[in-house]
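A.B. asks: Quick one, what's the 3D model for this:
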Amino acid sequence: MDTEKEKDVTLKPKPKQKSKSKEYFNAIGFALLIAIVLKFFFVEAYRIPTGSMENTLIVGDFLLVNKFIYGVSTPRNIPFTDTRLPFLRLPGFRNPHRGDVVVFDYPGNRDDLISKDIVNFVKRLIGEPGDTVQIINKVVMVNNKIFENPPDAIFSSTTMEPSVSEAHLFPKGCGWNEDYYGPLYVPKKGDTIHLTTQNLESWKTFIMREGHIPGVTSDSKITIDNVPMKDYIVERDYYFMMGDNRNNSADSRTWGFVPRENIIGEPMLIYWSWDPAIPFSELGKLFQSIKWNRVGKMVH
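C.D. replies: Next up, the predicted model:
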């Protein structure tokens, strides 16, 4: 009897111990999964490539962007490509507000239906849906009230005359310049735009970006998707963005409104800053260029 019991005990297989290498790779895989989830849905790193937000943000600043505050979304494109994907978005904690610095998916040049490249821009939100934006002698007005300049905003020393027209500005044919601009109303969902043969060209790209085709019949009647229509009902909320480097910024004055769904997140802080003009081959000089006074600085 005792021998049989001993035999039963010895026949039980010993539990297999996980190898150190397998545990190591499992840990790495889990860490990568967490990193991917954080990147796509919550926090993303972003580098300032141009001087359009100086001196609030400067070339070489690296930011952490809060993507959760305005509503997380599924990926908008296949990683490392310009192939766009349909995306779903959850409600955010709040909507973007006037004065916020925001990161957004660039909607495209003024006359393009969509940006040819998937590019994230960072600008300051000047106009909310339903606001009227105007610039008079470099002074930004929103709803006939002065919009206070950010502390680190930059302006050129010269000012254009009101009579000077810059042909590249939005909307097409407006006759304005960057120092004397507007008044321009920022559309909100449900607004009615009265269309005429005189203003249709200014609204044409806007309407096409909303997924409709405007036209004019031989007897000068306005049509939307081949249906005669004098008024167009706006389908989305829009925002007006400007750079803090006011005379060196391609912004909504140049390419127009930003739809709500294009807004990705809000920069939280600068986690690194150095001179990107110095190549990595000159590592010593690159580290000497680190701007320690900007590291850890909150973005306002």
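A.B. asks: make it CA atoms for all contacts and neighbour counts henceforth
C.D. replies: Noted.
A.B. asks: helices and strands of this structure: which one bottoms out on pLDDT?
C.D. replies: Within the chain, no helix or strand scores below helix 2-11, which has a mean of 53 by mean pLDDT, DSSP states H and E.
A.B. asks: domains for the protein, by residue range?
C.D. replies: 31-191+234-288, 192-233 (automatic domain parsing).
A.B. asks: From the opening residue of stretch 268-277 to its closing one, how far?
C.D. replies: 24 Å (CA to CA, to the nearest Å).
A.B. asks: In it, which residues are buried?
C.D. replies: 268-276 (16 or more other CA atoms under 10 Å).
A.B. asks: and those, which of them are in strands?
C.D. replies: 268-273 (DSSP state E).
A.B. asks: can you give me the helices for the stretch 51-200 of the chain?
C.D. replies: 200-209 (DSSP state H, counting those that start in this stretch).
A.B. asks: Next, count neighbours for residue 140.
C.D. replies: Residue 140: 19 surrounding residues under other CA atoms under 10 Å.
A.B. asks: Please identify which helix or strand holds residue 239.
C.D. replies: Using DSSP states H and E, residue 239 maps to strand 238-242.
A.B. asks: packing partners for the helix or strand just after that strand?
C.D. replies: Note on strand 238-242: by DSSP H and E, the next helix or strand toward the C-terminus is helix 252-255. Contact partners of helix 252-255 among helices and strands, from 3 or more CA pairs under 8 Å, 6 or more residues apart in numbering; DSSP states H and E: strand 238-242.
A.B. asks: Not counting its own residues, what contacts the strand it packs on?
C.D. replies: 123-129, 186-188, 249-253, 256-260 (CA atoms under 8 Å, 6 or more residues apart in numbering).
A.B. asks: Ok, stretch 104-111 next?
C.D. replies: Against stretch 104-111 from outside (CA under 8 Å, 6+ apart): 114-116, 118-122, 169-172, 205, 254-256, 258-259, 262-265.
A.B. asks: again, 10 Å this time
C.D. replies: Stretch 104-111 has contacts (CA atoms under 10 Å, 6 or more residues apart in numbering) with 76, 113-123, 168-172, 202, 204-206, 209, 241, 250-266.
A.B. asks: Check stretch 137-146 too.
C.D. replies: 98, 126-128, 130-136, 147-149, 155-156, 158-162, 178-185, 246-247.
A.B. asks: Next, the buried residues of it.
C.D. replies: 138, 140-142.
A.B. asks: quick one: which of these is nearest residue 194?
C.D. replies: Closest approach between the buried residues of stretch 137-146 and residue 194, by CA to CA: residue 142, at 22.6 Å.
A.B. asks: how close does that closest one sit to residue 71?
C.D. replies: Using CA to CA, we find residue 142 at a distance of 26 Å from residue 71.
A.B. asks: cool, residue 130 as well?
C.D. replies: Counting by CA to CA, the gap from residue 130 to residue 71 is 21 Å.
A.B. asks: Same list (the ones in strands among the buried residues of stretch 268-277) but as CSV, adding distance to residue 195 and pLDDT.
C.D. replies: Formatted as CSV, those follow (distance: CA to CA, whole Å; pLDDT from 0 to 100):
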residue, distance to residue 195, pLDDT
268, 41, 93
269, 44, 93
270, 45, 94
271, 48, 92
272, 49, 91
273, 48, 94
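A.B. asks: ok, back up a step: highest average neighbour count across the domains of the chain?
C.D. replies: domain 31-191+234-288 (a mean of 17; mean count of other CA atoms under 10 Å).
A.B. asks: Closest to the centroid, which residue in this protein?
C.D. replies: Centroid-nearest residue in the chain: residue 104, 0.7 Å away (criterion: CA atoms, centre = their mean).
A.B. asks: My understanding was that residue 54 contacts residue 243; is that so?
C.D. replies: Yes. With contacts counted by CA atoms under 10 Å, residue 54 reaches residue 243, the gap being 8.0 Å.
A.B. asks: any residues in contact with both of those two?
C.D. replies: Joint contacts of residue 54 and residue 243 (CA under 10 Å, 6+ apart) are 153-154, 249.
A.B. asks: of all these, which comes closest to residue 21?
C.D. replies: residue 249 (51.7 Å).
A.B. asks: Quick one: residues contacting the nearest residue to the closest one once chain neighbours are set aside.
C.D. replies: The shortest distance from residue 249 to any non-neighbouring residue, by CA to CA, 6 or more residues apart in numbering, is to residue 52 (4.5 Å). Residue 52 makes contact with 58-59, 121-123, 153-154, 242-251, according to CA under 10 Å, 6+ apart.
A.B. asks: cutoff 7 Å now
C.D. replies: Shown here is residue 52, whose contacts under the criterion CA atoms under 7 Å, 6 or more residues apart in numbering are 243-245, 248-249.
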